[in-house]
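Asker: make a model of this:
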Amino acid sequence: MLRIQIGQPRVGKTKVVKKMINESQKRKLIFDFNNDFNDIKGVIADLESYHPLMEDLTLEEVKILNAGYLQSSRCLYRKAEDIFRETKEEKLPNIIQESTERLSVSLDDKWGEPEYARQLVERIPKKIILKQKPLTHIIELLEENEVVIVKSKSIHSDHLRAMMYMLLYKVSQRKDLDVNIIADEVSTLFFKGNIKLLFEVIDSKSLDIVISCNRPSNIPKTMKPIVDEWALFKNTDKSEVRYLSQHFDVGKEVDFANIPVGKYEIHK
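Answerer: Got it, this is the predicted structure:
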């Protein structure tokens, strides 16, 4: 189930999420980049110690990374698709680098492929083999611990988002793991990727995820068919309330301005 909590800052969204965490019997994967969950006990996974290119990748995984690094193009995935077709392999070790190199020498300026190659080189930091681990290690932490809290101090937003997406994908592939995923107050980071491409690979029904958001206008319209439940908190910004109503058909009968702090209304 995918639940989005909507409401202006400091209206109780995080408090509600913490209550859900404490009451849930599932394992929890918490993305905490603002230190809002320091009072929750769990194993810390510092993303500076990880890199998505530390392991061989499938074509689906390339598609996931494309969704994180490039919001408006799927050119990385398309170049990788050519390489997988040529090699007939299921996984490849340097597929991102090889795909980026092909983009950089592409003559297809109509779609700006050389420019996308430049952006990818800029956004994907080099892996540090002796200091970094593959993201699969975080899934292993989830196997061993009830709560894993993912943190980051200084990673560029595009790289951070790509790693978030990859972790969502890896969780979705583990049918044996029953996991609550919390992405509280990271909506701008989360939604600035290629959401349509992301959910071409991930079945949203395979995830149990809560995303909190201050501004409905940050949510791409492609999310509309994917969201199972909206938790509507206090919001006095009429333009944002109007956006939610017009583009998602949510909250038309709700008096957002008078919802008490800490309370919310559910829309399904």
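
Asker: secondary structure class for residue 128?
Answerer: coil (DSSP: H, G, I helix; E, B strand; the rest coil).

Asker: roughly how far apart are it and residue 3?
Answerer: Distance, residue 128 to residue 3, using Cβ to Cβ, to the nearest Å: 36 Å. From N, CA and C alone the C-beta is placed, and that goes for glycine too.

Asker: ok, these two, which is more surrounded?
Answerer: When residue 128 and residue 3 are compared on other Cβ atoms under 10 Å, the one with more neighbours turns out to be residue 3, at 18 against 11.

Asker: ok, the more buried one - contacts?
Answerer: For residue 3, the contact set (Cβ atoms under 8 Å, 6 or more residues apart in numbering) comprises 209, 210, 211, 227, 228, 229, 230, 231.

Asker: now with 10 Å?
Answerer: Under the criterion of Cβ atoms under 10 Å, 6 or more residues apart in numbering, the neighbours of residue 3 are 17, 20, 208-212, 227-231, 266, 268.

Asker: can you tell me the SS state at it?
Answerer: Look at residue 3: counting by three-state DSSP, its state is strand.

Asker: who does it bridge with?
Answerer: Going by DSSP bridges, residue 3 is paired in beta bridges with residue 210, residue 229.

Asker: for residue 82, see how far away the closest residue to residue 216 other than its chain neighbours is.
Answerer: Counting by Cβ to Cβ, 6 or more residues apart in numbering, the nearest residue to residue 216 once its immediate chain neighbours are dropped is residue 244, at 4.0 Å. Plainly put, residue 244 is 41 Å away from residue 82 if you go by Cβ to Cβ.

Asker: look at those two and report which has more neighbours.
Answerer: Just comparing residue 244 and residue 82: by other Cβ under 10 Å the higher neighbour count belongs to residue 244, 25 against 12.

Asker: from residue 166, how far out is that one?
Answerer: With distances defined as Cβ to Cβ, the gap from residue 244 to residue 166 amounts to 29 Å.

Asker: just residue 142 next, same as before
Answerer: As for residue 142, its distance to residue 166 is 14 Å (criterion: Cβ to Cβ).

Asker: what does residue 84 give?
Answerer: The spacing between residue 84 and residue 166, counted by Cβ to Cβ, is 18 Å.

Asker: cool, residue 73 as well?
Answerer: To residue 166, residue 73 is 18 Å away according to Cβ to Cβ.

Asker: could you do residue 231 as well?
Answerer: Distance, residue 231 to residue 166, by Cβ to Cβ: 26 Å.

Asker: flag the shaky bits of the stretch 101-250 of the chain, pLDDT-wise.
Answerer: Applying pLDDT under 70 to the predicted model, the residue ranges of the stretch 101-250 of the chain that meet it are 108-111.

Asker: pull the longest helix from the chain.
Answerer: helix 157-172 (DSSP state H).

Asker: so how far is that one from its chain's centroid?
Answerer: Between the centre of helix 157-172 and the centre of its host chain there is 5 Å, according to Cα atoms, centre = their mean, to the nearest Å.

Asker: pull the number of nearby residues for the closest residue to residue 46 other than its chain neighbours.
Answerer: For residue 46, the nearest residue in space outside its immediate sequence neighbours is residue 151; the separation is 5.5 Å by Cβ to Cβ, 6+ apart. The burial metric for residue 151, expressed as a neighbour count using other Cβ under 10 Å, is 17.

Asker: enumerate every residue touching residue 151.
Answerer: Residue 151 makes contacts with 30-35, 37-38, 44-48, as judged by Cβ under 10 Å, 6+ apart.
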